[in-house]
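[1] got a predicted structure here, sequence first:
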Amino acid sequence: MKILIGQPKLEKSLTQLEAELMNNQHAIDLAIYPEGYLNQNVKEACALAKAYDTAIISGHKKPKDRAIIINRVGEIKLDRAKYDESPIVKVEGIHIGFILCDELVLQGREKVQGKELGLMIHPIGVGMFSEAQFEEWINTAKKIAVQSQVMVIGTSHSDGAFKDSKISIPIAYCIDSKGQEKFVLKNDTRTAIYNTEADIVEYV
């Protein structure tokens, strides 16, 4: 499987997502985008998933933050409110668990229901508001990866700050099931494409 991990700017449309799908047409199976990125554009996201034959995992607002998984034929497989129970969803033959933004530190994998788990996805809203938070979230992701014996992938927007914070550190990462870093991007907003079969990460 080839997984695209994007760090877009906050926007009202899906321009950046569509551009990345177009630029990588037939080259990726799954696109992971941050919490809230889809905003009110869920129908448009479903259409993009179908048009580009790519599953999409992200978040949207209705009006509060929700976790969403769309398969490659444009069907919504998960749409749940933040902090709610989160069933494991089978997409592309993989059982996927979903942790939305600060659920990472507030809930861990506590509300991810089901024993069969092949991948944990962690869409984040804006960047980290301190170096300490960056380290805390990466270390927590590593603990969850080891605890669950599963890869954890997370990504934030490349801009935007939490509340009134003057600091925003964009973050994207991939931690393997042993808690080892496949990659950790800090203030590096390139898009990563991880080929799970070849175990290769490319940046675009």
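    Yes, it's here.

[2] contacting residues for the spatially most central residue of the chain?
    If you average the C-alpha coordinates of the chain and look for the closest C-alpha using CA atoms, centre = their mean, you land on residue 123, 3.5 Å from that point. Taking CB atoms under 8 Å, 6 or more residues apart in numbering as the definition of contact, the neighbours of residue 123 are 32-35, 37, 57-59, 67, 100-101, 154-155. Any C-beta I mention is one placed from the backbone N, CA and C, and that applies to glycine too.

[3] can you redo the residues you listed as a markdown table with secondary structure?
    Written out in a markdown table, the entries for the contacts of residue 123 read as follows (DSSP: H, G, I helix; E, B strand; the rest coil):
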| residue | secondary structure |
| --- | --- |
| 32 | strand |
| 33 | coil |
| 34 | coil |
| 35 | coil |
| 37 | coil |
| 57 | strand |
| 58 | strand |
| 59 | strand |
| 67 | strand |
| 100 | coil |
| 101 | coil |
| 154 | strand |
| 155 | strand |
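
[4] is the residue nearest to the centre of the chain in a bridge, and if so with what?
    residue 155 (DSSP bridges).

[5] ok, now the one 5 residues further on?
    With DSSP bridges applied, residue 128 shows beta-bridge pairing to residue 169.

[6] wait, residue 153 touches residue 4, no?
    No - no contact is recorded between residue 153 and residue 4 when judged using CB atoms under 8 Å, the distance being 10.5 Å.

[7] any shared contact partners between those two?
    Overlap of the contact sets of residue 153 and residue 4 (by CB under 8 Å, 6+ apart) consists of residue 32.

[8] run a quick neighbour tally on residue 26.
    Using other CB atoms under 10 Å, residue 26 is surrounded by 8 other residues.

[9] ok, it touching residue 54?
    No - the pair residue 26 / residue 54 is not scored as a contact, 9.2 Å apart, by CB under 8 Å.

[10] show the end-to-end separation of stretch 112-125, please.
    Terminal residues of stretch 112-125 lie 19 Å apart, using CA to CA, to the nearest Å.

[11] pull out the buried positions in that stretch.
    By neighbour count, with 16 or more other CB atoms under 10 Å as the criterion, the buried positions of stretch 112-125 are 112, 117, 118, 119, 120, 121, 122, 123, 124, 125.

[12] roughly how far is it from the heart of the chain?
    If you compare the mean C-alpha spot of stretch 112-125 with that of the full chain, they lie 10 Å apart, counting by CA atoms, centre = their mean, to the nearest Å.

[13] do the same with stretch 71-80
    In terms of CA atoms, centre = their mean, the centre of stretch 71-80 is set 14 Å apart from its chain centre.

[14] and it, how far apart are its ends?
    Distances were taken as CA to CA; on that basis the terminal residues of stretch 71-80 are 15 Å apart.
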